[in-house]
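# pasting the sequence and the predicted model now:
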Amino acid sequence: MNGVQGLLKGHPSLRRAKSRHEEGRLSLFVGAGFSKSCRLPRWDELVDKVVERAWPTGEFESVVKAKAHRKGVVQQGLEAAVDLAEMRGGPGEPRDTFVKIVKQCLYGDTETLELSPTARATAKLKNVREICCLNFDNVLEEAYQRDRADVAAIPVVRDKQVPEKADVVVIYHAHGYLPHGTQGNQTSREELVLGEKDYFKHFMEPYSWPNLIQLKLFMTTSVLFIGFSFKDRNTMRLLFRAKQMNLPYTHFALLRDPTSPAFSERERDKEASAIFDNFMYRLKELNVAPITYEDHKYLPDLLNFINGTGGISQ
């Protein structure tokens, strides 16, 4: 574990995150990188699979033409590609059929969810009671079920009533919930934030449930972002709105530093470094303190440090 000590940057922010956790004032935001660590597809990979299901290779003269067509669809934007794939089903196709396709593309033939060390370390954060998950899967719920017999992890979609108990961890699935297998109730197409029209809807409805949940956490707790790329413009907008209220909450983001030796030489070029520096500055402007590390393998150690159960030297 001490191998992290010489690689980690931003110790002060890490210690502040640890303090917030000790005070019971730390909540989590989990993005696609978190599920990727458990061998589930990233957002762009999921869209590729959905588009491929909508336009199978057999409809074209060659595999090359099929790939070119699908690439052209995706180049219109990932969310727009989802909308086009859904329209492909035709007006008579039940909307929940598309949800089933998305779920199949998400899990494939996986029989049992694989939990990464990061997922298991996240579930062991003993003082966290609220998590906003922008992924469809139930990786977090599974991690709590396997490793935390002391608490019940409750997935929440929309305005479901949640009991306020010390032994409950609430996982808000702001973009919808499609649990693996038959575990739990999945959301309908109307509740799924997947296509461009879905995102536009939340931009235009400031009091929609996903927006209110995110704002609530930004306004009442310090948030730790895990596996989050900050490409979701709606979340960035809500962070900006919370910053304008001058609230006493600093948020934290665990980020891999692209200037580290763990990245390829191309990824570590001067342009990439400049882009990353600008990105770090933008986060700080939104009251988000970056905690950078060289390699994803150190994430469990950092989470253990925040939890007070190990990690770098105190």
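It's in.
# mind listing what Leu178 touches?
Val99, Val102, Lys103, Leu106, Phe136, Asp137, Gln186, Thr187, Leu192 (Cβ atoms under 8 Å, 6 or more residues apart in numbering). Backbone N, C-alpha and C define where each C-beta goes, glycine included.
# same deal with Glu23?
Contacts of Glu23 by Cβ under 8 Å, 6+ apart are Asn127.
# I'd like the distance between the residue nearest to Tyr144 when sequence neighbours are not counted and Glu22.
In space, not counting the residues next to it along the chain, Tyr144 is nearest to Ala153; the distance is 3.6 Å by Cβ to Cβ, 6 or more residues apart in numbering. Ala153 is 21 Å from Glu22, where distance means Cβ to Cβ, to the nearest Å.
# ok, Pro290 next?
21 Å.
# so for these two, which sits in the more crowded spot?
Shown here are Pro290 and Glu22; by other Cβ atoms under 10 Å, Pro290 has more neighbours (19 against 14).
# ok, the more buried one touching His251?
No - between Pro290 and His251 there is no contact under Cβ atoms under 8 Å: 10.2 Å.
# confirm that the residue nearest to Tyr144 sits in a strand.
Yes - according to DSSP: H, G, I helix; E, B strand; the rest coil, Ala153 belongs to a strand.
# so Gln76 is in contact with Ala85, correct?
No - contact status for Gln76 versus Ala85: not in contact, 11.1 Å apart, counting by Cβ under 8 Å.
# neighbour count winner among those two?
Shown here are Gln76 and Ala85; by other Cβ under 10 Å, Ala85 has more neighbours (25 against 12).
# contacting residues for the more buried one?
Per Cβ under 8 Å, 6+ apart, neighbours of Ala85: Val50, Val51, Arg53, Ala54, Trp55, Val73, Phe98.
# which residue is the nearest non-sequential neighbour of the third one?
Going back to what we said before, that points to Arg53. Ile101 (5.5 Å).
# for Arg120, see how far away that neighbour is.
Taken as Cβ to Cβ, the span from Ile101 to Arg120 is 30 Å.
# where does the prediction get shaky in the chain?
Residue ranges of the chain with pLDDT under 70: 1-10, 89-96, 159-166, 183-184, 259-275, 311-314.
# quick one, strands of it?
26-30, 130-133, 152-156, 168-173, 222-226, 251-256, 288-293 (DSSP state E).
# rewinding a little: who does the residue nearest to Tyr144 form a beta bridge with?
Val169 (DSSP bridges).
# was I right about it contacting Gln145?
Yes - contact status for Ala153 versus Gln145: in contact at 6.9 Å, counting by Cβ under 8 Å.
# neighbour count: those two, which is higher?
Ala153 (18 against 14).
# so who does that one touch?
Contacts of Ala153 by Cβ under 8 Å, 6+ apart are Ala123, Leu140, Glu141, Tyr144, Gln145, Val168, Val169, Ile171.
# mind checking how far it is from Asn278?
Distance from Ala153 to Asn278, by Cβ to Cβ: 37 Å.
# re earlier: turn the strands of the chain into TSV, columns for distance to Leu113.
Formatted as TSV, the strands of the chain follow (distance: least, Cβ to Cβ, whole Å):
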stretch	distance to Leu113
strand 26-30	15
strand 130-133	14
strand 152-156	14
strand 168-173	15
strand 222-226	17
strand 251-256	22
strand 288-293	25
